[in-house]
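[1] Have a look; sequence and predicted model below, questions after that.
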Amino acid sequence: MDFNSFLTQINNLKKRTLGGEESQFKMAPELRKAFSLNDIKNKNPRESAVLVLFYPDENNNTRVILTLRSDYKGVHAAQISLPGGKKDKNDKRLVDTALRENEEEIGIDKNDVIILREMTKTYIPPSNFWVYPFLGYLDKTPTFTINYEVETLIEVLVSDLIDDKSLSTKNMTTSYMENIDVPCFKLNSYVVWGATAMILSEIKDLFKCIN
């Protein structure tokens, strides 16, 4: 998808009804599906936010940015994620959290980001967070600057994200599950699963609705 085509779809992206859990659960591990809303409420989860950032590359193709987390001590170390993190006491709104974390992690000035809408929140059982995704874009090709939390950037073509050929499954063993087949995206040779895949699944369905 070239960026001019993306721009023509802005109003549709803003107004289309979201797929919600139905879209997200297409890419959810079975472990995640076992949690009811009451289960989640009883755990009193913390709040965090991520930014799904679209932008034109040097060839005017539309891309979305993902990050490979650094290998630190934590349940989400060395995983693929969207730029974001937990809400800070100084963040007035969750969108402010997403913009601040985006600036800290990948160096994009929050004033350059045009926010389109909030997506459906996603629960992450291992770290007990509600994650609130926000859809935004840049109108120019960015220069990224990563901090210590990010090992590398993954610049994904939107055309690859919405292509069903990117869908797959992978057998996973982590600190909280063993020998489990999970749905995933294969993007730029990386396996994207879990909450990030669930968020991307809703976005994929949103683009499918407008094309």
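    Thanks, I have the structure now. Residues are numbered from 1 along each chain as shown.

[2] For this structure, which residues score under the pLDDT cut-off?
    71-78, 174-177, 211 (pLDDT under 70).

[3] and with 80 instead?
    Low-confidence segments of the chain, defined by pLDDT under 80, span residues 71-78, 173-178, 210-211.

[4] which other residues reach the longest helix seen in it?
    Across the chain, the longest stretch assigned as helix under DSSP state H is helix 194-210. Helix 194-210 is contacted from outside by 9, 12-13, 16, 18-20, 23-29, 32, 50, 52, 64, 66, 79-82, 119-120, 122-124, 131, 133, 135, 158, 161-162, 182-185, 192, using CB atoms under 8 Å, 6 or more residues apart in numbering. Backbone N, C-alpha and C define where each C-beta goes, glycine included.

[5] and M172, how many neighbours does it have?
    By other CB atoms under 10 Å, the residues close to M172 number 16.

[6] nearest spatial neighbour of it, skipping sequence neighbours?
    V182 (5.1 Å; CB to CB, 6 or more residues apart in numbering).

[7] got it, and I114?
    Y137 (5.5 Å).

[8] Check this structure for its longest strand and report it.
    In the chain, taking DSSP state E as the definition, the longest strand is strand 46-56.

[9] Just checking: what are the partner strands of that strand?
    Paired strands of strand 46-56, with direction, are strand 62-69 (antiparallel), strand 84-86 (antiparallel), strand 129-137 (parallel) (DSSP bridges).

[10] quick one: the residue nearest to I114 and L51 touch, right?
    No - with contact defined as CB atoms under 8 Å, Y137 does not reach L51; the gap is 10.1 Å.

[11] what is in contact with the two at once?
    Shared contacts of Y137 and L51 (CB under 8 Å, 6+ apart): V113.

[12] For the residue nearest to I114, give the beta-bridge partners.
    Bridge pairing for Y137 (DSSP bridges) gives the partners F54, I114.

[13] State the distance from it to V113.
    Relative to V113, Y137 is positioned 7 Å away (criterion: CB to CB, to the nearest Å).

[14] Now list whatever residues contact both of these two.
    L53.

[15] Nearest spatial neighbour of E30, chain-adjacent residues omitted?
    Going by CB to CB, 6+ apart, E30 has I180 as its nearest residue, at 7.2 Å.
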